[in-house]
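Chemist: Turn this into a structure:
(chains A and B)
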Amino acid sequence: MNRNLVEQRVLVVAKWASLAFFVFITAFPLVYMIALSFKDIGKILQEPSNFLPSWDELSGFETYRSVLRSDSEGGYGFVKFIKNSAIVALATVIITVTLGTLAAYAAARLNFFGKRQISAIIVLVYLFPAIVLAIPLFVVFSRIGLRDSLAGLSIVYLAQTIPVALYMLRTYFETVPKEIEEAAMADGCGRLAVIRRVTLPLSAPAIASVSLYVFMIAWNEFLFAFLFLQAERDRWTLPLGLQQLDTAEVAKTVLMAGSVIISVPIIILFFVAERFLTEGLTAGGVKG
Amino acid sequence: MIGAGAKAGPTDVPGRRRRAPRSLAKQDARIAYAFVAPALLVVLVVVAVPIVWNIALSFQDLRLIELQDFNFLSTDVSLDNYRRVTSGGFRELLLRTFVYAIAGTSVALLLGLWAALVVRKAFPGQRLVRGLLLFPYVVPVVAAALLWRTMLNPQYGIINSWLEGLGGQPVNFLLQRDGELFGIKVPMAFTVVVLFEGWRSFPFAFLFILARLQAMPQELGEAAIVDGATPLQRFRHLVMPELKAVFATIFLLRFIWTFNAFDEVYLLTAGAAGTELVSIEVVNWLFGRLNVGAAAALSIVLAATLAITLAVYFKWFYPKESLA
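Modeler: Predicted coordinates:
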C-alpha cells in the first residue's frame, strides 16, 4: 500500500470522526438546553445524568409558565423583557437599515468630496472597542436623563450597527452593474427614481440579510443594557433579565427556559434566511 | 466582512466616462451629502464625541455619585487616574488579556479551519451540519454562557456527572484557579473561558475559510492528483498558501474583538478565579469602586495598547497581499 492510499483511508476515517465531533460540540449543548428547560429541578439534582425530560415534564411547560408570568404573580416577568427587547431591536433595525442604505449607496455609487475619508471613518468605528465608549456614554446619558430609557439604548445600538450595515451594503451595491442604472437614467429617470425603482428592488436580498444581522446584534447585546438599565427592572431587555436572574435563588431549569426563549427567534430567523446571511457575512471576504 | 483583497471594480476608467452634464455631477454630490449626513451624524455623536469626553474624564477626579455636578471643561486635571489603574497587578492583568485574546483567537481559527476542511466536500446532510455549526455564533451570548455554567456546574452539571461516571472527582471548573486536565496542571477557570471563546467564535472563522476553499479553482487540485500528490501534500502546498490571506484577516478581526471583549468572561466567571481581564476591570472601577475617572483612564489604556499592538502587527506581521 503506498502513501497516497494510506493517507486517503486514514483521512476518510478522520473526516467522519471529525464530523461527529463537530456535530457533538454544537448539537449537544442545544439539546441539553432544550431538555433542561422542561426538566424538574429536583430530579436533575438527584440524577444529573438523566437530563431528558419525561412526557409529563414535557407537556407541563411548568418552567416556561413561571418564567413568563409577571413578577407580581410570582413569575419572572419575561413577557415584559421580550417586549423591551423587541422594541429596541426593531427600532434599531428600521433606523439602521434606512440610514445605512442611504450612506452605502452614496459610498458605492456617487462621487463627492471626502467620500473615501467618510466611509473609512464609519467602517473604522466598526472595529472600535465598545468598552471605551461605555464610560463617557454612561456619564452623558445619566446627565441628560437618557440612560435608563430604551430610546437611549437604541441610540447606542445605532452607532454599532450602522457601520456594519454600511459595510455590507456598500459591498453589495458595488456588485450591481452600473450599466443597469445608466440605462434607466438614459430613459429619463432621475437619480432618486433610479434608486427607488432599480437599485433597491435589486438589493432586496442584501437588505434583508443586513436587517437580520442588525436584529441579531441588537437582540443579543448585553454590555450597554447592563451598564444603563440595571436599576430599572421594568426596562430590562432579555439578555439583561436573564443575567440578573442568574442567582442562587432561581432554578437553573427556569433559566434554561429563559435561554430557549431568547434564542428561539434568532435560531428561527437564522434557519429561514441562512443562505442570505452566510452570503452576506462572507460577501466581502471571498472576492479576488 | 472586511474584504480580504476585494479588488476595486473597473469603475471610473478614464476615457470611458460618459460626458455627463456638469449639473448632474453637482446634483449627485448634493444627494450624496444628504445620504451620508444622517449616518455620519449618529456615528459622530455616539462615537467620536464620547472618545474626546473619555479622554477628558480620564484626567479628572470623578466619583459615580458626583455625576450630576460634573463639568467636562474643568481644568482641574491630573494623571492620578492613570497612576491608580496601572499600579498593583496591572502588568499581570494586561498580560492575561493578551494571552486570552491570542489563545481564544487561535482556538477559534484552528477549529474553524478543521471544520471547514471537514464540511468542504458535499455529503448527505451537509447543509444541516453547516447550519448547526453556526449555532455557537448566533446564540445570544447570555444564553450560551448560562448554558456552559449549567453544564459545568459541580453539583448537577452534565460534564461533572460524566466525569464521575468515569471515576473522577467533581471539578468546580469556573471557580477553581488551578486544576488538572488529563494529568497536566492548567489554570482551570482561565482555560474554560478560552475554550468558551474558541467555541463561540469558531463558526466565524469556519464561514470565511469555507467560502475561500470553495472559491479555489478545482483544476489545480485535479492536476496535483494526476501528478501523484497525496492528500496531505495537497493540503500543505496547495490549500495552505491559498488560505494565508484569509487567516491574517480573521486573526486580525477576532483578535481586536476578543482583546476588548467583556461579555463572555464576565458572564461566565465575572472575573473570578484568575480570569480578570482589562475590560472587566474597567466596569469594576465604575460599579465596584464607583470611580468614573479611573474607569475612563483604564479604558483609554486598553484602547492605546490595542492601537500599538495593531501598529506592530501591520508593520511586521501582516502579509501584504491580504490588505483589504
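Chemist: Just the residues contacting stretch B:93-101, thanks.
Modeler: B:190, B:193-194, B:197, B:255, B:258-259, B:265, B:274-279, B:281, B:302, B:305 (C-beta atoms under 8 Å, 6 or more residues apart in numbering or on different chains). Bear in mind the C-beta positions are built from the backbone N, C-alpha and C, glycine included.
Chemist: Just the ones in helices from those, please.
Modeler: Judged by DSSP state H, the contacts of stretch B:93-101 include B:190, B:193-194, B:197, B:255, B:258-259, B:265, B:278-279, B:281, B:302, B:305 as members of helices.
Chemist: Present the residues you listed as TSV; the columns should include pLDDT, distance to residue A:183 and neighbour count.
Modeler: Below are the ones in helices among the contacts of stretch B:93-101 laid out as TSV (pLDDT from 0 to 100; distance: C-beta to C-beta, whole Å; neighbours: other C-beta atoms under 10 Å in any protein chain shown):
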residue	pLDDT	distance to residue A:183	neighbour count
B:190	94	60	22
B:193	96	56	28
B:194	97	54	25
B:197	97	49	24
B:255	93	45	21
B:258	94	47	24
B:259	94	48	23
B:265	96	54	28
B:278	94	54	25
B:279	94	51	27
B:281	94	58	25
B:302	94	51	23
B:305	94	52	15
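Chemist: so which of the residues you listed also contact chain A?
Modeler: B:259, B:279, B:302 (C-beta under 8 Å from any C-beta of the partner chain).
Chemist: ok, those vs residue A:261, which is closest?
Modeler: Among these, residue B:279 lies closest to residue A:261 (C-beta to C-beta), at 27.6 Å.
Chemist: Can you give me the domain boundaries for chain A?
Modeler: Per automatic domain parsing, the domain ranges recorded for chain A read A:3-60, A:77-285.
Chemist: mind checking how far the shortest one is from the chain centre?
Modeler: Spelled out, that is domain A:3-60. 25 Å (C-alpha atoms, centre = their mean, to the nearest Å).
Chemist: That domain and chain B in contact?
Modeler: Yes. Shown here: domain A:3-60 in contact with chain B (C-beta under 8 Å from any C-beta) through A:3-4, A:7-8, A:11, A:15, A:18-19, A:22-23, A:25-27, A:29-30, A:32-33, A:36, A:44-45, A:48-49, A:51.
Chemist: Quick one: mean pLDDT for that domain?
Modeler: For domain A:3-60, mean pLDDT is 86.
Chemist: Find the centremost residue of the chain, please.
Modeler: Because you didn't say which chain, this covers chain A. Centroid check for chain A by C-alpha atoms, centre = their mean gives residue A:216 as the closest residue, at 1.3 Å.
Chemist: that's the wrong chain, I meant chain B
Modeler: Nearest to the mean C-alpha position of chain B, by C-alpha atoms, centre = their mean, lies residue B:257 at 2.6 Å.
Chemist: can you pull the contacts of that residue?
Modeler: By C-beta under 8 Å, 6+ apart, the neighbours of residue B:257 are residue B:201.
Chemist: for the one 5 residues further on, same thing?
Modeler: Residue B:262 sits next to A:130, A:131, A:223, B:277, B:279, B:280, B:282, B:283 when contact means C-beta under 8 Å, 6+ apart.
Chemist: Just the pLDDT for it.
Modeler: Model confidence at residue B:262, expressed as pLDDT, equals 94.
Chemist: likewise residue A:178?
Modeler: What the model reports as pLDDT for residue A:178 is 84.
Chemist: now do residue A:233
Modeler: 89.
Chemist: okay, now it: neighbour count?
Modeler: 14 (other C-beta atoms under 10 Å in any protein chain shown).
Chemist: how about low-confidence regions in the stretch 1-150 of chain B?
Modeler: B:1-22, B:72 (pLDDT under 70).
Chemist: quick one: the helices in it?
Modeler: Taking DSSP state H, counting those that start in this stretch as the criterion, the stretch 1-150 of chain B carries its helices at B:22-43, B:49-58, B:80-85, B:90-119, B:126-133, B:135-138, B:141-151.
Chemist: Quick one: low-confidence residue ranges for the stretch 201-324 of chain B.
Modeler: B:319-324.
Chemist: so residue B:263 touches residue A:222, yeah?
Modeler: Yes. When contacts are counted by C-beta atoms under 8 Å, residue B:263 is listed as touching residue A:222 (4.8 Å).
Chemist: so what sits against both of those two?
Modeler: With C-beta under 8 Å, 6+ apart, residue B:263 and residue A:222 have common neighbours B:141, B:142.
Chemist: and the stretch 151-300 of chain B, which residues reach chain A?
Modeler: Going by C-beta under 8 Å from any C-beta, the residues of the stretch 151-300 of chain B near chain A are B:151, B:153, B:155-158, B:160-162, B:165, B:199, B:207-208, B:211-212, B:215, B:228, B:230-232, B:246, B:249, B:253, B:256, B:259-260, B:262-263, B:267, B:279, B:282-283, B:286, B:292, B:295-296, B:299-300.
Chemist: again, only using 7 Å
Modeler: Contact residues, the stretch 151-300 of chain B versus chain A (C-beta under 7 Å from any C-beta of the partner chain): B:151, B:155-158, B:161, B:165, B:199, B:207-208, B:211-212, B:215, B:228, B:230-232, B:246, B:249, B:256, B:260, B:262-263, B:267, B:279, B:282, B:286, B:292, B:295-296, B:299.
Chemist: Please check the residues you listed and keep the buried ones.
Modeler: B:151, B:156-158, B:161, B:199, B:207-208, B:211-212, B:230-231, B:246, B:249, B:256, B:260, B:262-263, B:267, B:279, B:282, B:286, B:292, B:295-296, B:299 (16 or more other C-beta atoms under 10 Å in any protein chain shown).
Chemist: Keep only those of the residues you listed that are in helices.
Modeler: Per DSSP H, the subset of those in helices is B:151, B:158, B:161, B:199, B:207-208, B:211-212, B:231, B:246, B:249, B:256, B:260, B:263, B:267, B:279, B:282, B:292, B:295-296, B:299.
Chemist: now do the same end-to-end measure for stretch A:134-150.
Modeler: With C-alpha to C-alpha, to the nearest Å as the measure, stretch A:134-150 spans 16 Å from end to end.
Chemist: Tell me the buried residues in it?
Modeler: A:134-142, A:146-148, A:150.
Chemist: Which ones among those residues map onto helices?
Modeler: A:134, A:135, A:136, A:137, A:138, A:139, A:140, A:141, A:142, A:150.
Chemist: Tell me how far the residue nearest to the second one when sequence neighbours are not counted lies from residue B:115.
Modeler: So that's residue A:135. Closest residue in space to residue A:135, ignoring its immediate chain neighbours: residue B:296 at 4.6 Å, by C-beta to C-beta, 6 or more residues apart in numbering or on different chains. Separation of residue B:296 from residue B:115 (C-beta to C-beta, to the nearest Å): 40 Å.
Chemist: Repeat that for residue B:45.
Modeler: 40 Å.
Chemist: Same check on residue B:217?
Modeler: Applying C-beta to C-beta to residue B:217 and residue B:115 gives a distance of 22 Å.
Chemist: between these two, which one's more packed in?
Modeler: Higher neighbour count among residue B:217 and residue B:115: residue B:115, with 26 against 9, using other C-beta under 10 Å.
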